[in-house]
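Novice: sequence first, predicted coordinates after that:
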Amino acid sequence: GGALISGLVFGWLRSVHPTFGRIPSSTVWFMNSVGLNMFIAVVGISAGPGFVKGLQTQGVGLFLWGALATTIPLILAMFAGKFIFRFDPAILLGACAGARTTTAALGMICETAKSQVPALGYTVTYAVGNTLLTIWGMVIIMLLT
């Protein structure tokens with residue numbers, strides 16, 4: 001939440017004062033590419049032992065149910081966005097990345113598209129996804145205790 005609010009405040013400041021917060025394009029590329037890859041590596045390294053332990057104690061079924069629980073809603077969102085809402089594919093992919101709160105996916109989509117258009121679909125769904133993730137995380141913990 002803090003990063004979102006800071007981004008909104010500093011983004012507004014930059015829109016009012018275009019020279020505020022100017023970062024060279026090479027530095028932005030470095031932070032987007034290398035920083036994102038380092039984040040993914042650190043998450044993978046820290047999650048690995050817990051994943052293996054969970055697989056040993058709960059079995060492969062837990063992994064398969066998790067794969068289904070993350071894949072089916074994404075596929076349904078893609079079909080709904082394409083056939084019901086008729087979103088542009090770039091916007092749709094950005095919206096799906098935002099709904100999953102996956103910044104790495106947005107980076108890959110923007111890089112492949114060679115455009116920042118997918119980020120337009122990302123912003124609102126990312127905010128909603130983070131809010132729901134926080135609220136429902138607390139609800140599930142309260143239900144389990």
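Specialist: That came through fine. Numbering: from 1, shown residues only.
Novice: avg pLDDT for stretch 23-32?
Specialist: The average pLDDT for stretch 23-32 rounds to 83.
Novice: longest helix of this protein?
Specialist: Counting residues, the longest helix found in the chain (DSSP state H) is helix 118-144.
Novice: the spatially most central residue of the chain and Pro118, how far apart?
Specialist: Compute the mean C-alpha point of the chain, and by Cα atoms, centre = their mean the closest residue is Thr102, 1.7 Å away. Counting by Cβ to Cβ, to the nearest Å, the gap from Thr102 to Pro118 is 12 Å. Where C-beta positions appear, they are placed from N, C-alpha and C, glycine not excepted.
Novice: same question, Leu8
Specialist: 20 Å.
Novice: what about the two, which has more around it?
Specialist: Neighbours per residue, other Cβ atoms under 10 Å: of Leu8 and Pro118, the larger number sits with Pro118, 27 against 11.
Novice: kindly export stretch 16-24 (C-alpha atoms) in CSV.
Specialist: C-alpha atoms of stretch 16-24 as CSV (Å, rounded to 0.1, in the frame of the first residue of the first chain):
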residue,chain,number,x,y,z
VAL,A,16,3.1,19.0,-12.3
HIS,A,17,6.9,19.5,-12.4
PRO,A,18,8.3,17.5,-15.4
THR,A,19,11.9,18.0,-14.3
PHE,A,20,11.2,16.5,-10.9
GLY,A,21,12.5,13.0,-10.5
ARG,A,22,14.1,12.8,-14.0
ILE,A,23,16.0,9.5,-14.3
PRO,A,24,18.1,8.7,-17.4
